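*Asks:* curious how this folds, go ahead:
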Amino acid sequence: MSLKVIIVGGVAGGASAAARLRRLNETAEITIYERTGFMSYANCGLPYYLGDVITEEAALTLQTPEKFFSRFRVNVKVAHEVTSINREAKSVTVKNLKTGESFTDSYDKLVLSPGARPVVPHIEGVQSQKIFTLRTVEDTFAIDRHILQTQARRALVVGGGFVGLEMAENLTRRGLKVTLVQLIDHVLPTLDADMASALHEHLRANGVKLELNTQVRRFETSDDDVTAHTDRGAIRADLVILAVGVEPETTLAREAGLALGHKGAIVVNEELQTSDASIWAVGDAVQVCHRVSGEKTLISLAGPANKMGRMAADNIMGAARRYRGSLGSSVLKLFDLTVAMTGFNEKSANAAGLDYEKIVLCPANHAGYYPGGRAMTVKVLFDRHTRQLKGAQIVGYDGVDKRIDVFATALCAGMTSADLAELDLAYAPPYSSAKDPVNMAGFMAENIFDGLVKQFHWHDIDSLSRQGAQLVDTRTPKEYANGHAPGFVNIPLDELRDRVDELDRAQPVFVMCHTGIRSYIASRILTAHGFDVSNFSGGHSFYSLVTREAALVREVFDCGMQKSTGKQCAQSEA
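*Replies:* This is a model prediction of the structure:
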């Protein structure tokens with residue numbers, strides 16, 4: 001008798017498991033039950049349909065039930081919801097959502113890939129027909145219909161994570177005036193706040209109004225629009241997108257008595273097997289191991305889900321493959337900006353108790369003499385004791401995705417700063433520099449660990465200035481005149497050797513330049529002349545970006561007053 005496998009959920013993990021199972025076993029009876037009307041659809045592409053970047057409905061679905069059956073002989077039942085699991089009988093109860101009919105189906109092996117559901121906050125008025133979440137193809141079409149039918153011109157996006165930012169971009173591109181409300185002080189919480197400063201500036205430059213440190217208290221819907229009442233005033237819009245996060249869809253697993261863990265996610269072993277030996281689970285509903293911290297967590301991303309689906313199929317067929325966890329590697333397009341991250345940020349490193357060293361560098365994406373080069377901001381974390389790479393964040397333009405993938409690979413391999421410095425990476429002027437930004441991160445970290453240079457950071461400058469420390473800006477007089485950090489005096493790098501006597505050898509010196517390269521050279525010169533020197537991490541370009549943002553947040557949001565006008569922030573038009 002052939003193996004009978006039922007898969008609950010036919011998107012990333014479920015479809016991958018089914019296809020892999022068929023490639024490994026030609027005779028198995030495989031059935032997918034998917035409660036939406038579509039299978040194997042591209043969740044990550046849904047915002048781009050709303051922004052008219054993807055213009056064909058068919059492009060959102062990578063497969064149809066008919067094509068999938070033709071290729072893999074897998075029975076795909078869309079609009080069918082598995083409502084319960086009878087583990088003792090090894091059967092499931094299924095409801096046909098079109099007819100209302102329910103029936104049972106038996107299995108030898110069961111794969112759960114139910115995904116995650118959008119979080120809907122428990123606040124007054126949230127059930128309005130003008131308020132939407134985005135998770136499925138049906139959600140996308142509903143938002144599109146609403147925009148077309150109401151001729152919507154104003155949108156409010158609540159939440160600044162991946163979906164919120166992508167929706168803000170695409171609704172703006174579609175011609176809507178967008179306001180984005182974020183509960184905390186920066187968008188994209190997987191980034192550190194200082195790195196997110198560039199995103200804030202870019203969003204504003206592209207017409208998105210940001211309301212940071214702002215909480216929606218209730219919604220009020222009229223025939224004409226919907227009003228979000230926040231702790232800082234009222235925001236009116238024609239539609240609202242709720243994008244405040246997702247939570248694992250584990251109702252079925254919980255009611256079946258399967259073990260649950262972090263935030264209610266399904267507990268699986270390294271072979272993706274649940275507490276029931278006949279049931280596997282994959283994707284966004286599953287608790288995974290973070291590959292840097294080793295702790296149990298949730299990482300809702302398409303890449304891990306697809307890999308888990310494949311691996312579960314292998315293990316059902318007896319391969320005993322181990323899923324070693326996820327890094328959370330991710331990349332985001334925000335208008336023409338690219339944002340990427342992998343491993344720890346400072347918040348997660350602190351939560352894990354890691355003693356780390358951080359570096360910030362602002363290299364060009366390719367050789368400076370080749371036309372079209374643009375700077376990227378790179379922040380990298382290392383274990384202070386082992387020198388192992390622990391995380392990386394990058395904001396920039398071309399070449400960001402390439403570098404984050406190198407960092408992710410290095411993280412998987414347990415590489416150190418010395419390993420990064422020695423990586424043999426491809427080089428040609430249109431693509432990189434002979435010293436690639438990844439190599440540069442290794443060089444800089446090695447200099448710090450070897451004691452060749454000490455560093456200080458943007459959040460240290462205010463206290464250093466108040467203390468009257470020796471602060472030196474090594475840029476040119478013109479650069480200095482165009483803006484400098486408080487308390488810094490200008491001694492250009494090429495004049496430094498002749499002007500060292502202007503500095504007190506008995507006091508530490510703190511040096512800065514535009515990106516950190518000239519000030520590093522200055523650090524070495526001053527160290528050779530007997531000074532105790534620290535170099536600024538990230539340079540004035542990074543400092544000015546972060547402090548501009550910090551000043552704006554303080555000016556607009558601390559007390560709800562716009563200090564430049566003296567007017568209360570009572571109401572805004574989304």
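*Asks:* look up phi and psi at residue 219.
*Replies:* phi -110, psi 150 (degrees, to the nearest 10).
*Asks:* surely it and residue 121 touch.
*Replies:* No: judged on Cβ atoms under 8 Å, residue 219 makes no contact with residue 121 at a distance of 10.0 Å. The way it works is simple: take the backbone N, C-alpha and C, and place the C-beta from them, glycine included.
*Asks:* higher neighbour count, the two?
*Replies:* Neighbours per residue, other Cβ atoms under 10 Å: of residue 219 and residue 121, the larger number sits with residue 219, 22 against 13.
*Asks:* where are the low-confidence patches of the chain?
*Replies:* For the chain, the stretches with pLDDT under 70 are 1, 552-574.
*Asks:* what about residue 531, how many residues nearby?
*Replies:* 20.
*Asks:* bridged to the closest residue to it other than its chain neighbours, which residues?
*Replies:* Sequence neighbours aside, residue 509 is the residue nearest to residue 531 in space, at 5.1 Å (criterion: Cβ to Cβ, 6 or more residues apart in numbering). For residue 509, the beta-bridge partners are residue 470, residue 533 (DSSP bridges).
*Asks:* which residues sit in contact with residue 509?
*Replies:* The contact partners of residue 509, taken as Cβ atoms under 8 Å, 6 or more residues apart in numbering, are 470, 472, 503, 526, 531, 532, 533, 534.
*Asks:* which one among those residues gets closest to residue 281?
*Replies:* residue 534 (49.9 Å; Cβ to Cβ).
*Asks:* please tell me how far residue 541 sits from residue 375.
*Replies:* According to Cβ to Cβ, to the nearest Å, residue 541 and residue 375 sit 7 Å apart.
*Asks:* isn't residue 529 up against residue 500?
*Replies:* Yes: contact criterion Cβ under 8 Å: residue 529 and residue 500 qualify, at 5.1 Å.
*Asks:* returning to what we had before: residue 60: which of the contacts of residue 509 is nearest?
*Replies:* Once Cβ to Cβ is applied, the member of the contacts of residue 509 that ends up nearest residue 60 is residue 534, at 52.2 Å.
*Asks:* burial check on the closest one, number of neighbours?
*Replies:* 20.
*Asks:* and if you look at residue 61?
*Replies:* 17.
*Asks:* that one and residue 138 touch, don't they?
*Replies:* No: in this structure, residue 61 is not within contact of residue 138 by Cβ under 8 Å, at 11.8 Å.
*Asks:* anything in contact with each of those two?
*Replies:* residue 38.
*Asks:* looking at the contacts of residue 509, which one is closest to residue 227?
*Replies:* Looking across the contacts of residue 509 and measuring by Cβ to Cβ, the closest to residue 227 is residue 534, at 50.8 Å.
*Asks:* contact partners for the closest one?
*Replies:* Here residue 534 is in contact with 453, 454, 455, 456, 508, 509, 510, 511, 523 (Cβ under 8 Å, 6+ apart).
*Asks:* so which helix or strand takes in the last one?
*Replies:* Residue 523 belongs to helix 517-528 when assigned by DSSP states H and E.
*Asks:* list the buried residues in that helix.
*Replies:* Residues 517, 518, 519, 520, 521, 522, 523, 525, 526 are the ones in helix 517-528 that count as buried (16 or more other Cβ atoms under 10 Å).
*Asks:* for the second one, give me its contacts.
*Replies:* With contacts taken as Cβ under 8 Å, 6+ apart, residue 518 has the following neighbours: 474, 475, 493.
*Asks:* what are the phi and psi values at the last one?
*Replies:* Geometry field for residue 493 lists phi and psi as phi -50, psi -50, criterion degrees, to the nearest 10.
*Asks:* and the first one, by the same measure?
*Replies:* Backbone dihedrals for residue 474, given as degrees, to the nearest 10, come out at phi -100, psi 10.
*Asks:* burial count for it?
*Replies:* 30.
*Asks:* right, and it touches residue 488 too?
*Replies:* No: with contact defined as Cβ under 8 Å, residue 474 and residue 488 do not form a contacting pair (9.5 Å).
*Asks:* overlap in contacts of those two?
*Replies:* residue 512.
*Asks:* helix, strand, or coil at residue 140?
*Replies:* helix (DSSP: H, G, I helix; E, B strand; the rest coil).
*Asks:* and it, how many neighbours does it have?
*Replies:* 23.
*Asks:* hmm, it is touching residue 46, no?
*Replies:* Yes: using Cβ under 8 Å, residue 140 is in contact with residue 46, at 4.6 Å.
*Asks:* shared neighbours, those two?
*Replies:* 60, 134.
*Asks:* out of the contacts of residue 518, which one sits closest to residue 350?
*Replies:* Distances from residue 350 to these, taken by Cβ to Cβ, are shortest for residue 474, at 31.6 Å.
*Asks:* who's in contact with the closest one?
*Replies:* Per Cβ under 8 Å, 6+ apart, neighbours of residue 474: 491, 492, 493, 496, 511, 512, 513, 518, 519, 522.
*Asks:* now for the helix or strand in which the fourth one is found, which elements pack on it?
*Replies:* Using DSSP H and E, the element containing residue 496 is helix 496-499. In this structure, helix 496-499 makes packing contacts with helix 517-528, judged by 3 or more Cβ pairs under 8 Å, 6 or more residues apart in numbering; DSSP states H and E.
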